[in-house]
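Enquirer: heads up, no residue letters with this:
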Ligand SMILES: Nc1ncnc2c1ncn2[C@@H]1O[C@H](COP(=O)(O)OP(=O)(O)O)[C@@H](O)[C@H]1O
Ligand SMILES: O=P(O)(O)OC[C@H]1O[C@@](CO)(OP(=O)(O)O)[C@@H](O)[C@@H]1O
């Protein structure tokens, strides 16, 4: 066996001379060689005397003969080697279960992807080669006083070292990562002796003192470590801990400041730090930067990364490349199916308590933005995700390129990776510009869906799947397919193609043919026998909104159930419900409904059952469903819930139903609650929710409530509907139909009368988000009044007196709301009149007083706090 390991060195492998006269031949065509060609050297390669005093016997025979490397002065006097391209060894140090292999795999992916040929040498793999199939190397094997174990481990060590050296002396090898515990000074001296004068070397030591992290690490490791295959969790855990103990007995952390090292101290917890000692140069610098980001993701194993190309575009249909064309019909179908495909796959966090939040990243091109528009998650646009630029070939078909530019065509066929379109880009260029995107993806602990393009996604996939650079331009990234990447504990990824089911596509096509749809989630409905009501949720909620939606949905159902109604919920409701976390519910005093949802979810009940359970719990309780949305983390969330609550209460018209209390019990003050929270009034959900409450409260008999209907904020191209939050239809009262027609919105047109619902503050008018909201409320109510007035016959059931009372009641309600609002805003200048009946000729600029020196609520709404700042606010309008 030993002979086999040593095969490379014993098969006559010729080492180059190490005197500087004959450097290893370098791969002239190394990818990105032109870009990263700067010679990288540590400024100072001298090492401490202590490190040079190598114990006899530590040195391999052939080493001793090939060069007098035990002779300290010989090493120091040796003229510096000036290789064309510096060769590196990265030496890992640390106890078992500290993320060494994870880090190795990540660094390997990163450096290879940047064109620095890198290989990972895991001594453990060599060690395992020595044992029989069913033999277990138990903790005893790792005892520092076990001669058999020591011998076997040394054999593995030398075999790995030989292979490492062979690799680095070869033409291709640039960086070797030596993955072993290397926990003693003696071992590190041996390595230094091996590498000194031949390669640049640096140590990466991973230290972790967080017991919780370690326990989790050990469990993960047990799941994939070949050492424990077939052994039960408890038994393997206990043996692994015993093994670690053996290592701890002899562990000497690096403390020699003469060495070149990077120490990662509790970095994975997010509270740790890095100790960077004597590191300089381009590549080591990049490694430091990379580790700084990637360490944080070390614990994010529950997350998913999804990649998808945009739906088929007009150009795709015509086989034209590049351009900025909109989606073709089939692409639109895919866009509509995508949310459901994704929501089916939302992972729960490690504790199985809530779903891991999702962000959607698109390019700045129309086809990706359109593809992402129905996705109920915050969105971020990256210029760097734009498709490879085809330069002068942009807009042509491949056939046309072959005819018009045959040489270009042939050149690309020959070397697709390096070929650069005239005035355009090569795949290598794309890889280079994607680096910040990759770093950001590594930093993120949440799920990310990248809606991108063929070439760009090939590059991203190539990185995560550690594909050889040369293979990247031909990786399979088909249209209408979701690519799912699942992190493994060792830093590699599992990968799966998920096709759009033909049934889903057929249904969506049929739906589109049938006319405007509220969205892909039309299956959700809440209905009440007494007060028919249909809410077709098409939520487009951000990470926090979704949790509130769960409350809104459950509360809605709680109200409806006692009325003899029935409640069903969609997968999306379920996803929302499972998004609760106990920590959130604690900090926001969320009701027992939410807690019920959580506890059921943790017991493995399906999400829809969870919601149903929560609803029943709420409905059967004498207690009101109480929540304090004002304390919620997210500015938009309470408003959505409040709006829903208000709308539902008004719709049912049943004040004796379980009280639904969002801080204030009466529906007509819902809007006050919302604004009191300082919610972002410019956000679609907030405005829509407030408007919903206000509109419903005005006793309109039939109202479509378009949540977020016109608030795309520029986020939708090509007349596309914005990222809307909720589309609902609230038929109110008995004479609903024919009451002048609904204030309707449909995804197909995407348009409400401008300035009616959710219009943005008017530019340059001094109007604030709050004041523009009041303008909208005012206008909606006026419009309703006008429409209802014009419908004399339909109004015959209501007497004039009733109308008067209604108006009074309404007025007092809205007045209360406005008063509350004013007090909260501490802005007495806020005019009640404006909210109630301000004539149109009092232009919004009259509201400027509110913005001047006052609280411009809208400005605050986007900043949800540190980490959220760099993502879109759900309206698809933000960009990188
Ligand atoms: N910087 C880090 N510190 C601690 N644990 C980490 C770090 N990075 C990753 N991990 C986690 O450590 C666990 C064990 O990782 P592994 O690489 O197998 O450890 P080792 O090679 O040190 O035995 C993995 O679940 C991984 O996610
Ligand atoms: O590198 P190749 O294989 O040409 O693939 C990249 C091409 O894919 C296309 C489609 O052919 O991407 P996309 O679908 O984003 O439009 C072209 O625009 C782009 O030039």
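Expert: Cool, got the structure. These figures come from a predicted structure and were not determined experimentally. Ligands and ions are numbered 1, 2, ... in the order given.

Enquirer: going forward, measure contacts between C-alpha atoms and count neighbours the same way
Expert: OK.

Enquirer: For the stretch 251-400 of the chain, just list every one of the strands.
Expert: Residue ranges of the strands in the stretch 251-400 of the chain, as given by DSSP state E, counting those that start in this stretch, are 261-265, 273-277, 305-309, 358-362, 379-381.

Enquirer: Dump those strands into JSON lines; add mean neighbour count, mean pLDDT and distance to ligand 1 as well.
Expert: Putting the strands of the stretch 251-400 of the chain into JSON lines (neighbours: other Cα atoms under 10 Å; pLDDT from 0 to 100; distance: least, Cα to the nearest ligand atom, whole Å) gives the following:
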{"stretch": "strand 261-265", "mean neighbour count": "23", "mean pLDDT": "97", "distance to ligand 1": "6"}
{"stretch": "strand 273-277", "mean neighbour count": "15", "mean pLDDT": "96", "distance to ligand 1": "10"}
{"stretch": "strand 305-309", "mean neighbour count": "24", "mean pLDDT": "97", "distance to ligand 1": "16"}
{"stretch": "strand 358-362", "mean neighbour count": "27", "mean pLDDT": "93", "distance to ligand 1": "20"}
{"stretch": "strand 379-381", "mean neighbour count": "27", "mean pLDDT": "91", "distance to ligand 1": "27"}
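
Enquirer: Could you point out which of those sits nearest ligand 2?
Expert: strand 305-309 (6.8 Å; Cα to the nearest ligand atom).

Enquirer: Tell me the strands beside that closest one, with direction?
Expert: Here strand 305-309 is paired, per DSSP bridges, with strand 447-452 (parallel), strand 481-487 (antiparallel).

Enquirer: can you pull out the helices in the stretch 401-550 of the chain?
Expert: 406-414, 427-443, 454-464, 502-514, 545-560 (DSSP state H, counting those that start in this stretch).

Enquirer: worst average pLDDT in those?
Expert: Mean pLDDT per stretch puts helix 545-560 lowest among those, at a mean of 40.

Enquirer: residues near the residue in the stretch 151-300 of the chain that ligand 2 sits nearest to, how many?
Expert: Going by Cα to the nearest ligand atom, ligand 2 is nearest to residue 172 of the stretch 151-300 of the chain, at 25.6 Å. A count of nearby residues for residue 172, using other Cα atoms under 10 Å, gives 18.

Enquirer: what's the pLDDT at it?
Expert: 92.

Enquirer: Likewise for residue 873?
Expert: 27.

Enquirer: Which residues of the stretch 151-300 of the chain lie near ligand 1?
Expert: Contact residues (Cα under 6 Å from any ligand atom) of the stretch 151-300 of the chain with ligand 1: 206, 208, 217, 220-221, 267-268, 295, 298-299.

Enquirer: thinking again about what came up before, of all the strands paired with strand 305-309, which lies closest to ligand 2?
Expert: Closest among the strands paired with strand 305-309, using Cα to the nearest ligand atom: strand 447-452, at 6.9 Å.

Enquirer: and the angle from the closest one to helix 427-443?
Expert: When axes from the mean of the first three to the mean of the last three Cα atoms, to 10 degrees is applied, the directions of strand 447-452 and helix 427-443 differ by 160 degrees.

Enquirer: Of all the residues in strand 447-452, which ones are buried?
Expert: Residues 447-452 are the ones in strand 447-452 that count as buried (16 or more other Cα atoms under 10 Å).

Enquirer: Flag every residue of the protein that's near ligand 1.
Expert: So the chain meets ligand 1 at 96-102, 206, 208, 217, 220-221, 267-268, 295, 298-299, 489-490 (Cα under 6 Å from any ligand atom).

Enquirer: of those residues, buried ones?
Expert: 96-102, 206, 208, 217, 220-221, 267-268, 295, 298-299, 489-490.

Enquirer: Which of these fall within strands?
Expert: residue 206 (DSSP state E).

Enquirer: The residue in the stretch 101-250 of the chain that ligand 2 sits nearest to and residue 467, how far apart?
Expert: Closest residue of the stretch 101-250 of the chain to ligand 2, Cα to the nearest ligand atom: residue 113 (17.1 Å). Plainly put, residue 113 is 8 Å away from residue 467 if you go by Cα to Cα, to the nearest Å.

Enquirer: got it, and residue 144?
Expert: Noted for residue 144: a distance of 39 Å to residue 467, by Cα to Cα.

Enquirer: thinking again about what came up before, now the residue of the stretch 101-250 of the chain closest to ligand 2. Nearest residue, chain neighbours left out?
Expert: residue 463 (5.8 Å; Cα to Cα, 6 or more residues apart in numbering).

Enquirer: Quick one: neighbours of that neighbour, just the number.
Expert: 24.

Enquirer: OK, contacts around the closest residue to residue 433 other than its chain neighbours?
Expert: Once flanking residues are discounted, residue 433 sits nearest to residue 384: 6.0 Å by Cα to Cα, 6+ apart. Listed by Cα atoms under 8 Å, 6 or more residues apart in numbering, the contact partners of residue 384 are 363, 433-434, 437.

Enquirer: returning to what we had before: assess the claim that the residue of the stretch 101-250 of the chain closest to ligand 2 and residue 460 are in contact.
Expert: No: using Cα atoms under 8 Å, residue 113 makes no contact with residue 460, being 9.5 Å away.

Enquirer: Touching both of these two, which residues are there?
Expert: residue 431.

Enquirer: quick one, phi/psi of the nearest residue to residue 314 once chain neighbours are set aside?
Expert: Ranked by Cα to Cα, 6+ apart and with sequence neighbours excluded, the top spatial neighbour of residue 314 is residue 328, at 4.8 Å. The phi and psi values for residue 328, taken as degrees, to the nearest 10, are phi -80, psi 170.

Enquirer: Now name the helix or strand holding residue 157.
Expert: Element membership for residue 157 (DSSP states H and E) is helix 147-169.

Enquirer: Alright, that wraps it up for me.
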